[in-house]
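**Q** Quick one, what's the 3D model for this:
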Amino acid sequence: MKKNIAIIMGGYSSEYEISLKSGNVVFESLDESKYNIYRIHIFKDKWVYVNDNDNEFPIDKNDFSVSINGTKTTFDCVFNAIHGSPGEDGFMQGYFELINMPHTSCGMYQATLTFNKRDCLSVLKPYGIKAAESFYLNLGDTINEDAIINKVGLPCFVKANKAGSSFGITKVYKKEDLQNAIKVAYKEDDEIIIESFLDGTEVSVGVITYKGETKVLPITEIISNNDFFDYKAKYLGESEEITPARLSAAEEEKVNIVAKKVYEVLKLTGFSRSEYIFKDGEPHLVEVNTVPGLTRESILPQQVIAANISLADFFGNAIEEALR
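**A** Reported below is the predicted structural model:
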């Protein structure tokens, strides 16, 4: 008997448009001979099932069911394709865990932790995971520009602490540009992380649970046509992404070991993608994404295909792992 699978997409953050694209790629790729597939749009003002004619049916939040023309439909598993809040920061994970609903993303604590860049880096530091020098600010803190620059140097990156797709991030070259960059970041979040610039090869590493085993996917080298890997570089084709990355055997081995260690130390499940920049031959962690982009242009699907795994198999495996 076919399983009923809900693909949740949309969300409450600036990333909702990308999430809708990701969710639709999953919808188009999953094997319809195995699954009954339902697109669920999650927005602040509505949670709805959207059918092929774009008709909407409200979700009952008590048990995450939907009544379609008088017939109640429940789901066996949820495929999470929401980037940002509430799909990547622990809220949906907590909700599904409360109602005992299998889902494809990591657990609630892991999602909350990895979505908070500075907390995630702090947890991983004792395990020898290297990262850029950083300075933290909360909304309302006094901004001491000299203290910031003394700690992280110039140029530096000013980032919203809890945001994805490079929203709220600015590369700062001059002291006088710091205040404006901080304002930009505060539009996305009330916490900020300011990091030193790491000048080196940037790579993205997908790590997944595949058929019960932790699997590191082929590495992607990122060469942005812009000043850094910003939104336009990620989603509007303004970057070159080379899979597999042009790394030495030693560099590849190092980043594979680190990426697998990060996945296992954090007790992640499902699929993830972490970013690294090489400095002095060592990979430095930038961030961990637990609901990475799944559009056809996104990095993780490129890596899956390079590993000779079809998208139908990859997405189906995520569901089977969740059901297991």
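**Q** Would you quantify the distance from A131 to V304?
**A** 26 Å (C-beta to C-beta, to the nearest Å). Where C-beta positions appear, they are placed from N, C-alpha and C, glycine not excepted.
**Q** and V258, what element?
**A** Secondary structure assignment for V258, by DSSP states H and E: helix 249-265.
**Q** What is the next helix or strand after that helix packed up against?
**A** Where DSSP H and E defines the elements, the next helix or strand beyond helix 249-265 is strand 271-279. Applying 3 or more C-beta pairs under 8 Å, 6 or more residues apart in numbering; DSSP states H and E, one finds that strand 271-279 contacts strand 202-210, helix 249-265, strand 282-289, helix 299-306.
**Q** List of residues touching strand 271-279?
**A** 104, 106, 114, 130, 132, 198-209, 222, 229, 251, 255, 258-259, 262-263, 283-290, 292, 299-300, 314, 318 (C-beta atoms under 8 Å, 6 or more residues apart in numbering).
**Q** How about it, which residues are buried there?
**A** Residues of strand 271-279 classed as buried: 271-279 (neighbour count, 16 or more other C-beta atoms under 10 Å).
**Q** show me where pLDDT drops low in this structure?
**A** Within the chain, the segments meeting pLDDT under 70 span 164-166, 226-238.
**Q** With adjacent residues omitted, what lies nearest to V205?
**A** What sits nearest to V205 in space, not counting adjacent residues and going by C-beta to C-beta, 6 or more residues apart in numbering, is A259, at 4.0 Å.
**Q** That neighbour touches S204, doesn't it?
**A** No - the criterion here is C-beta atoms under 8 Å, and A259 misses it with S204 at 9.5 Å.
**Q** Check which helices and strands the helix or strand containing G316 is in contact with.
**A** G316 is located in helix 311-323, with elements delineated by DSSP H and E. If you count contacts as 3+ C-beta pairs under 8 Å, 6+ apart, helix 311-323 packs onto strand 3-10, helix 16-29, strand 77-80, strand 202-210, helix 299-306.
**Q** Mean neighbour count added to these, as a markdown table?
**A** Shown next, in a markdown table, are the helices and strands packed on helix 311-323 (neighbours: other C-beta atoms under 10 Å):
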| stretch | mean neighbour count |
| --- | --- |
| strand 3-10 | 24 |
| helix 16-29 | 21 |
| strand 77-80 | 26 |
| strand 202-210 | 25 |
| helix 299-306 | 22 |
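**Q** Redo those as TSV? Include distance to R246.
**A** Shown next, in TSV, are these (distance: least, C-beta to C-beta, whole Å):
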stretch	distance to R246
strand 3-10	34
helix 16-29	27
strand 77-80	33
strand 202-210	10
helix 299-306	14
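**Q** So for G168, which of these sits nearest?
**A** Among the helices and strands packed on helix 311-323, helix 16-29 comes nearest to G168, with 14.9 Å by C-beta to C-beta.
**Q** List the contacts of that closest one.
**A** The set of residues external to helix 16-29 that reach it, using C-beta under 8 Å, 6+ apart, is 7-11, 37, 39, 41, 43, 79, 81-84, 87, 165, 235, 293-296, 298, 301, 311-312, 315.
**Q** between that helix and strand 3-10, how big is the angle?
**A** Relative orientation of helix 16-29 and strand 3-10, computed by axes from the mean of the first three to the mean of the last three C-alpha atoms, to 10 degrees: 160 degrees.
**Q** how big is the angle separating the following helix or strand past helix 16-29 from helix 311-323?
**A** Next helix or strand after helix 16-29 toward the C-terminus (DSSP H and E): strand 35-43. In terms of direction (the same axes, to 10 degrees), strand 35-43 departs from helix 311-323 by 80 degrees.
**Q** Adjacent strands (with direction) for strand 35-43?
**A** Strand partners for strand 35-43, identified by DSSP bridges, are recorded as strand 3-10 (parallel), strand 46-50 (antiparallel).
**Q** Enumerate the positions of the shortest one that are buried.
**A** With burial defined by 16+ other C-beta under 10 Å, the residues of strand 46-50 counted as buried are 47-50.
**Q** could those residues go into JSON lines alongside distance to T74?
**A** Listed next are the buried residues of strand 46-50 as JSON lines, based on distance: C-beta to C-beta, whole Å:
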{"residue": "W47", "distance to T74": "15"}
{"residue": "V48", "distance to T74": "16"}
{"residue": "Y49", "distance to T74": "12"}
{"residue": "V50", "distance to T74": "18"}
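**Q** Quickly name whichever of those residues is closest to E188.
**A** The closest of the buried residues of strand 46-50, once distances to E188 are taken by C-beta to C-beta, is W47, at 23.5 Å.
**Q** Spatially nearest residue to the closest one (excluding sequence neighbours)?
**A** Spatial nearest neighbour of W47, excluding adjacent residues (C-beta to C-beta, 6+ apart): I59 at 4.0 Å.
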